[in-house]
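*Asks:* below are the sequence and a predicted model; questions follow.
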Amino acid sequence: MPRIVSARVIVTSPGRNFLTLKITCDDGTTGVGDATLNGREMAVASYLSEHVVPCLIGRDPHRIEDIWQYLYKGAYWRRGPVTMTAIAAVDMALWDIKGKVAGLPVYQLLGGASRDGCMVYAHANGTTVADTIAVAKAEIAKGYKAVRLQCGVPGLASTYGVAKPGQRYEPADADLPAESRWSTERYLRIVPELFAAAREALGWDVHLLHDVHHRLTPIEAGRLGKDLEPYRPFWIEDPTPAENQEAFRLIRQHTTTPIAVGEVFNSIWDAKHLIEHQLIDYIRATVVHAGGITHLRRIAALADLYQVRTGCHGATDLSPVAMAAALHVGLSIPNFGVQEHMPHTAETDAVFPHAYTYTDGMMHPGDAPGLGVEIDETLAADYPYARAYLPVNRLEDGTLFHW
Ligand SMILES: O=C(O)C(=O)C[C@H](O)[C@H](O)CO
Ligand SMILES: [Mg+2]
């Protein structure tokens, strides 16, 4: 029986911070798991190093479910983003090991491919409606069949999802949290304009998505959904904060625009009510923040009973390890919907050589045994950790608001 002999946390910052857990077995087999929790990375590093790693040494890496239950139930303190990200990292690494030992890509262990590839959505953002549409055209020219549109809100100095001119979009950009300002009224005026112009310019053969980023009340979200209905968005994401899940019933009463929720969820319990009451259409819980492959599959299986499909989070703060794991899950489950895709920088891709590929709007995890991603530790060491926070958001009168 193989044994785990070491587990190490590797922090690297090739343009942004990533945390990776690397598990090694006594026969030399290794597995990697993403443990990145944007803006709170070192809390997970400490949770893993101080509290999880000592419990892994000597265990049989093939007992993935048992180790998952051990870390979840055994901690007594359940759930929460730090705990569930740490468990996710272990879980991904163990699936990686199992695949390498079997000589099979992880998706084969999960039941095999249910489709040819995973449809992914690109990001198009710009300061103005015209700039955003120009970027969307360029993404469609690369083959993307689905594009998320975010544009600057006139009158606001910066807007969620919109890059500073000439830069890539990367929200965790400051040693202490930057502060932005928000106006719901201004926002609700521009988004329908953006979608009207986008349909006019881009036509109807592309899926258009939008992220509200938790900023509306339920009735405001109902209004946005209704205003966007003529343009048939694929979804509006996180229309309102999801702590009070009954709020989504109010949105549903007012609009048939599909709703996607869950990138901040970390367990099936966060999603259960929304799914069982069919208050959402897409669940965005992600492999790295929601307990790994083992737990994401459980969430997807529950969602499948209610015709809710997956639309997993995939921003750049999810490392290539998480991206690979998401694609293995996405390829295998019956109720895959779409996968977010924000390509990483060349520096990040070099630190994490991977087997997954993009062709014509679809991604495939590749057929390398395991997850098909490694970490180049020598290169990783060239990029030391640099503290970086997500911004905070205030209303125009200074009231602290949702970011
Ligand atoms: O990609 C998205 O939909 C996001 O909302 C991105 C998040 O703001 C980001 O991952 C926070 O770390
Ligand atoms: Mg989002």
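*Replies:* Alright, I've got the coordinates. Ligands and ions are numbered 1, 2, ... in the order given.
*Asks:* what helix or strand is residue 219 on?
*Replies:* Using DSSP states H and E, residue 219 sits within helix 218-228.
*Asks:* same question for residue 154.
*Replies:* Per DSSP H and E, there is no helix or strand for residue 154.
*Asks:* can you count the residues close to the closest residue in space to residue 341 that isn't next to it in sequence?
*Replies:* Counting by C-beta to C-beta, 6 or more residues apart in numbering, residue 341 lies nearest to residue 120, which is 3.7 Å off, once chain neighbours are set aside. In short, each C-beta sits where N, CA and C put it, glycine included. Residue 120 has 24 neighbours, counted by other C-beta atoms under 10 Å.
*Asks:* residue numbering should commence at 35 henceforth.
*Replies:* Let's use 35 as the start, then, which means that last one is residue 154.
*Asks:* what's the per-residue pLDDT of residue 154 here?
*Replies:* According to the prediction, residue 154 has pLDDT 98.
*Asks:* quick one on the thing from earlier: who are the packing partners of the helix holding residue 253?
*Replies:* helix 218-236, strand 269-271, helix 281-286 (3 or more C-beta pairs under 8 Å, 6 or more residues apart in numbering; DSSP states H and E).
*Asks:* spell out which parts of the protein neighbour ligand 2.
*Replies:* By C-beta under 5 Å from the ion, the residues of the chain that approach ligand 2 are 245, 297.
*Asks:* for ligand 2, what's the nearest residue on the stretch 135-284 of the chain?
*Replies:* For the stretch 135-284 of the chain and ligand 2, the shortest gap (C-beta to the ion) falls at residue 245, measuring 4.3 Å.
*Asks:* do you know how far the residue most central in space within the chain is from ligand 1?
*Replies:* In the chain, the C-alpha nearest the mean C-alpha coordinate belongs to residue 347, at 2.2 Å (C-alpha atoms, centre = their mean). Distance, residue 347 to ligand 1, using C-beta to the nearest ligand atom, to the nearest Å: 6 Å.
*Asks:* for residue 287, same thing?
*Replies:* 25 Å.
*Asks:* what's the burial count for that residue?
*Replies:* Residue 287, neighbours per other C-beta under 10 Å, totals 10.
*Asks:* OK, contacts around the nearest residue to it once chain neighbours are set aside?
*Replies:* Once flanking residues are discounted, residue 287 sits nearest to residue 256: 7.0 Å by C-beta to C-beta, 6+ apart. Contact analysis of residue 256 by C-beta atoms under 8 Å, 6 or more residues apart in numbering lists 284-285, 287-289.
*Asks:* what's the answer for residue 418, then?
*Replies:* Counted by C-beta under 8 Å, 6+ apart, residue 418 has contacts 45-47.
*Asks:* per-residue pLDDT, it?
*Replies:* So residue 418 comes in at 97 (pLDDT).
*Asks:* surely it forms part of a helix?
*Replies:* No. Assignment of residue 418 by DSSP: H, G, I helix; E, B strand; the rest coil gives coil, placing it outside any helix.
*Asks:* check the gap between it and residue 58 for me.
*Replies:* Distance, residue 418 to residue 58, using C-beta to C-beta, to the nearest Å: 23 Å.
*Asks:* for residue 347, same thing?
*Replies:* In terms of C-beta to C-beta, residue 347 sits 29 Å off from residue 58.
*Asks:* same check on residue 300?
*Replies:* 27 Å.
*Asks:* of the two, who's got more company?
*Replies:* Neighbour comparison, residue 300 and residue 58: the larger count goes to residue 300, with 25 against 17 (by other C-beta under 10 Å).
*Asks:* dump the residue contacts of the more buried one.
*Replies:* Contacts of residue 300 (C-beta under 8 Å, 6+ apart): 113-115, 117-119, 319, 323-325.
*Asks:* ok, of those, which come out buried?
*Replies:* 113, 115, 117-119, 319, 323-325 (16 or more other C-beta atoms under 10 Å).
*Asks:* among these, name the ones in helices.
*Replies:* 115, 117-119 (DSSP state H).
*Asks:* which of the buried ones among the contacts of residue 300 lies closest to ligand 1?
*Replies:* residue 323 (9.3 Å; C-beta to the nearest ligand atom).
*Asks:* just checking, the closest one touches residue 71?
*Replies:* Yes. The criterion here is C-beta atoms under 8 Å, and residue 323 meets it with residue 71 at 6.9 Å.
*Asks:* give me the common contacts of those two.
*Replies:* Counting by C-beta under 8 Å, 6+ apart, the residues touching both residue 323 and residue 71 are 115, 119.
*Asks:* that older thread, which of the buried ones among the contacts of residue 300 sits closest to residue 64?
*Replies:* Nearest to residue 64 among the buried ones among the contacts of residue 300, counting by C-beta to C-beta, is residue 119 at 20.1 Å.
*Asks:* list the residues that contact the closest one.
*Replies:* Counting by C-beta under 8 Å, 6+ apart, residue 119 has contacts 69-71, 78, 300, 322-323.
*Asks:* highest neighbour count among these?
*Replies:* Counting neighbours by other C-beta under 10 Å, residue 322 leads the contacts of residue 119 with 34 neighbours.
*Asks:* about what we covered before: need the ones in helices among the buried ones among the contacts of residue 300 in TSV with pLDDT, can you?
*Replies:* Below are those laid out as TSV (pLDDT from 0 to 100):
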residue	pLDDT
115	98
117	98
118	98
119	98
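*Asks:* just to revisit the earlier point, who does the residue nearest to the residue of the stretch 135-284 of the chain closest to ligand 2 when sequence neighbours are not counted bridge with?
*Replies:* Leaving aside its sequence neighbours, residue 245 sits nearest to residue 271 (C-beta to C-beta, 6+ apart; 4.3 Å). Assessed by DSSP bridges, residue 271 has beta-bridge partners residue 245, residue 294.
*Asks:* right, and residue 271 touches residue 291 too?
*Replies:* No. Contact criterion C-beta under 8 Å: residue 271 and residue 291 do not qualify, at 10.9 Å.
*Asks:* for residue 78, give me its contacts.
*Replies:* 53, 69-71, 116, 119-120, 123.
*Asks:* between those, which is nearest residue 304?
*Replies:* Among the contacts of residue 78, and counting by C-beta to C-beta, the member closest to residue 304 is residue 119, at 13.8 Å.
*Asks:* any idea how far residue 40 is from that closest one?
*Replies:* 20 Å.
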